[in-house]
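Enquirer: the following comprises the amino acid sequence and a computationally predicted model.
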Amino acid sequence: MSDSNAPTSDPAYIPYSRLPEDFCDHLFDLKENVWGSKAPVNQFLRMEMEGKTLPIKLPRNYLEEGWDFNEGYTVPSHGFRVDMDNFAPIHSRDLRAFWDKRGLRHLNILLGDRVELPQVLESKIKIRFPKPEQFGGIRQDYIPNLDLVRIEPAKPHPTHFVLFFGYEISDVLTDVFSCNRAGDGARQVCQHSFRARGVDIQTSYNGVHLSEWKTIKANVTQFLGCMLISEGKFK
């Protein structure tokens, strides 16, 4: 896997940008009814490990399954698939057509309640790099253009994965990435775990956008912020 920015010769690579500041103002504007209504669906996101529940307002055009539309339900997670450029919803039935037209320029988002990030990183290291002592141990290298620390065995490892993590100045772990190595006909895909607005988030996207992870994270955080509402106050 290259540590440099995605090459402009890659047809899947288009520079990525922040969502507009007024994105939330238009998220719930529907031109036609979805399941008989244009109104948002109000539910609760249950954070089981933290022992709390977050009210969440869901735009109908992003929902696919019947249970998604149940008003007032308490759910353990919610998933979304969006266009990376404008966060428009992409339904499963439309995904192949989207690929044909735009390539793998979509973003999967899963909201829920997960273990703490240090445990996520520890678990991924154990799963991706079993018996690291046979491969010279685990090495860590700071990659300046990514502003991430890369973790991988010192010698080539047959699992073909590489991990990254990000942290604040105070050495608090803030981001964990797991990416397959591109090659042999396989396109690189990265999973990014982080926490925003009190919710654990996992995203996955085309690895050519890894260098833009901060922009992607900011947009996902903004998207989530549009849906989370004050405790007990549905609008």
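Expert: Sure thing, it's come through.
Enquirer: contact partners of stretch 111-123?
Expert: Outside stretch 111-123, the residues that touch it by C-beta atoms under 8 Å, 6 or more residues apart in numbering are 45-50, 76-80, 163, 165, 173-176, 193-195, 199-202, 224. All C-beta atoms are positioned from the backbone trio N, CA, C, and that covers glycine.
Enquirer: inside strands: which ones of those?
Expert: Judged by DSSP state E, the subset of the contacts of stretch 111-123 located in strands is 45-47, 78-80, 163, 165, 173-176, 193-195, 199-202.
Enquirer: quick one: buried residues of the helix or strand where V120 lies?
Expert: Assigned by DSSP states H and E, V120 belongs to helix 117-128. By neighbour count on 16 or more other C-beta atoms under 10 Å, the buried set for helix 117-128 is L117, V120, L121, K124, I125, R128.
Enquirer: and of those residues, the nearest to D25?
Expert: Ranked by distance to D25 (C-beta to C-beta), the buried residues of helix 117-128 are led by L117 at 31.8 Å.
Enquirer: closest to the centroid, which residue in the protein?
Expert: Residue closest to the average C-alpha location in the chain (C-alpha atoms, centre = their mean): T203, at 1.5 Å.
Enquirer: show me what that residue is bridged to.
Expert: On the basis of DSSP bridges, T203 is bridged to I109, H192.
Enquirer: gap between it and P89?
Expert: Distance check for T203 against P89: by C-beta to C-beta, to the nearest Å, it reads 15 Å.
Enquirer: ditto for P132
Expert: Between P132 and P89 the computed distance is 41 Å (C-beta to C-beta).
Enquirer: which of those two has more residues huddled nearby?
Expert: Taking other C-beta atoms under 10 Å, P132 and P89 do not tie; P132 has more neighbours (18 against 15).
Enquirer: residues contacting the longest helix along the chain, please?
Expert: Scanning the chain for the helix with the most residues, using DSSP state H, yields helix 213-227. Residues outside helix 213-227 that contact it (C-beta under 8 Å, 6+ apart): 16-19, 23-24, 27, 56-59, 80, 82, 84, 87, 107, 109, 111, 146-148, 166, 175, 177, 190, 192, 194, 196-197, 199, 201, 203, 205, 209.
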